[in-house]
Every structure is written in C-alpha cells, then in structure tokens.
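Enquirer: Fold the following, please.
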Amino acid sequence: MAFYDVIGKTYAQTRRSDPRITKKLLEILASSPASTIADIGAGTGSYASVLTEHGYRVFAIEPSETMRSQAIAHPAIEWMDAYVENLPLSDQSVDAAIIMLAFHHFPDYRQALNEMHRVVGNGQMIFFTYDPEMISSFWLTEYFPSFIRDVESTFLPIPKLLEIQSITDSVANVIPFPLPNDLSDSFAAVGWARPELYLDSDIRNGISSFSKIDDDELNSGLFRLSEDLERGWWDRKYGHLRQQSEYDVGYRFFHRSAV
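Expert: Below you'll find the predicted structure:
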C-alpha cells in the first residue's frame, strides 16, 4: 500500500468517522450477535475506534504504516500489518468483517471475498462502497472528468459485488446511503452541497481520485470551479443542493447477514 503511504499522511484530520455512517453500521451489526470484528483496510482506525465504544473488539487490518501510525491506541483494537488477500486470522475467528470505502483498492476481489468468508464463517460481511454507475451524474465530474474513468475502473459494479451470494451461499442486501450535507468523513463526495471544500488542498489530499488527476486537469478544474463559485454560476445551476439535508450520490452499504 505504498499509495497510501504517500497520500495518507493527513488522513486522521480529514477522514474522520461520520456519526450517520457509524449509526447505520451499528444498526446493521446489531441485526445479529457479534462481539469481534475484522475491520479490513482500517486506515487510521476512525471507525474501529467508534466500534470499541459500543463494546466490540476489533482486529484492524491495515498494510500502510503511514495510516497505522496515525491511529490512537486502544486496548480493544489489535492492529495487524496485512493485506486482505492473506488475512492473519484463523478460520471463523471473528463474528463480522467490515470494509469502509476500501474494497475498491483490493486488486483481487474474489480472493478478498474468499478470505473474508474464511475468517468470518457464517457471520456478517458489511461493505460501505460506491455504485460506479452513479459517478457520471455527479456535478464534480464536469470539472474533473477523469473521476469517471477512475471510479468506473476501481469500484466494483454492484452486480459483481452481489456475486458474494454464490461465493458464500447466502443472500446479500444493498442499502442506499444518502449523504448528509455536513458529512465529517471527507471522502470524494463530501462537497456535494459544499463545493468550496474541493478548493481546500487538505480535503483533496484525503481523496484518492484527486491524487490520480494530472496537473493540467487539476489546475484547470480548480480554476473553473473557483471562477464559477465567485461569479455565482455554480449556485445558479446547482444551488438547490445547498438546501437539501441529504443527497443520494451513489454510496451503498452492502450487507451479507449472518447465516
């Protein structure tokens, strides 16, 4: 994960857990008994930390030393330097496994699913992910069109993700998650109603897609967005979004219940 060793240096500041996302995660987890959780691609541990506050013991799997170094130590969190394709956990050793906006970074998704199934057995598998079919309708792509190519090439289409049903012989559910307008976890769509956020380099540095944009497109897009905001063009076209409390940009909870 050299990629996140480079771009993840300020993740603890911009990628904080959001209480609405956490609430939905806890709600799903509560649908069946669970006490131990594997948080795969745990990043800096923002969601792992919240889970411990609710009595869970967490194995935080994160291969990036830069990300792990920003985590706050907690006796109920055991950090592991490992990749999802080879989890350092024994068979059926956890009650649930979660992946919070990290599944799209796993190069071999079938092996990732098989490993998750191995360690969780008949327990829960929960992903917070994105439906790539939604990206072309997001206004941000008008300024940074390569977002479309990046998202469509990295995020697994929902029908592909549903193949988990055949791998694990169980039924999975897809739950839309409209984003609140005051999202505290600054991932890619954080500024859907607050476009000014994208002018902040600290926010952009915590969004992997921005790190893949070439300098010409980045500078051009930032200039046009800044100009459109200053002249009121953005608000004339998209200002109605500022009045909405939430918006379905395409984020989804994917959930395989305990069987």
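Enquirer: Just give me how far stretch 90-101 sits from the chain centre.
Expert: Put simply, stretch 90-101 sits 16 Å off its chain's centre (C-alpha atoms, centre = their mean, to the nearest Å).
Enquirer: Could you give the average pLDDT over it?
Expert: Averaged across stretch 90-101, the pLDDT comes to 96.
Enquirer: What is the end-to-end distance of it?
Expert: End-to-end span of stretch 90-101 (C-alpha to C-alpha, to the nearest Å): 24 Å.
Enquirer: Give me the buried stretch members for that stretch, please.
Expert: In terms of neighbour count (16 or more other C-beta atoms under 10 Å), stretch 90-101 has its buried residues at 93-101. C-beta coordinates here come from the backbone N, C-alpha and C atoms, glycine included.
Enquirer: again with stretch 175-193
Expert: Residues of stretch 175-193 classed as buried by neighbour count (16+ other C-beta under 10 Å): 177, 179-181, 183-193.
Enquirer: so of those, which ones are in strands?
Expert: Among those, the subset assigned to strands under DSSP state E consists of 179-180.
Enquirer: Where is the longest helix in the chain?
Expert: What stands out as the longest helix in the chain, according to DSSP state H, is helix 215-231.
Enquirer: Which elements pack onto that helix?
Expert: Under the contact definition 3 or more C-beta pairs under 8 Å, 6 or more residues apart in numbering; DSSP states H and E, helix 215-231 sits against helix 233-238.
Enquirer: Tell me which residues of the longest helix of the chain come out buried.
Expert: Within helix 215-231, the residues scored as buried using 16+ other C-beta under 10 Å are 218, 221-222, 225-226, 228.
Enquirer: now do stretch 152-166
Expert: Judged by neighbour count using 16+ other C-beta under 10 Å, the buried positions of stretch 152-166 are 154-156, 158, 161-162, 164.
Enquirer: hmm, who's touching it?
Expert: Residues outside stretch 152-166 that contact it (C-beta atoms under 8 Å, 6 or more residues apart in numbering) are 103-105, 109-110, 113, 125, 127, 129-133, 135, 170-172, 174, 252, 254, 256.
Enquirer: and which of the buried residues of helix 215-231 is nearest to residue 141?
Expert: Top of the list for closeness to residue 141, among the buried residues of helix 215-231 and by C-beta to C-beta, is residue 221 at 9.7 Å.
Enquirer: so what's that closest one up against?
Expert: Residue 221 makes contact with 143-144, 213 under the criterion C-beta under 8 Å, 6+ apart.
Enquirer: can you list the buried residues of stretch 152-166 in a markdown table and add secondary structure and pLDDT?
Expert: Formatted as a markdown table, those follow (DSSP: H, G, I helix; E, B strand; the rest coil; pLDDT from 0 to 100):
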| residue | secondary structure | pLDDT |
| --- | --- | --- |
| 154 | helix | 91 |
| 155 | coil | 93 |
| 156 | coil | 90 |
| 158 | helix | 90 |
| 161 | helix | 83 |
| 162 | coil | 82 |
| 164 | helix | 71 |
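Enquirer: and residue 186, what does it touch?
Expert: In this structure, residue 186 makes contact with 14-16, 197, 203, 206-207, judged by C-beta under 8 Å, 6+ apart.
Enquirer: I'd like the distance between it and residue 156.
Expert: Summarising the geometry, the distance separating residue 186 from residue 156, computed by C-beta to C-beta, to the nearest Å, is 23 Å.
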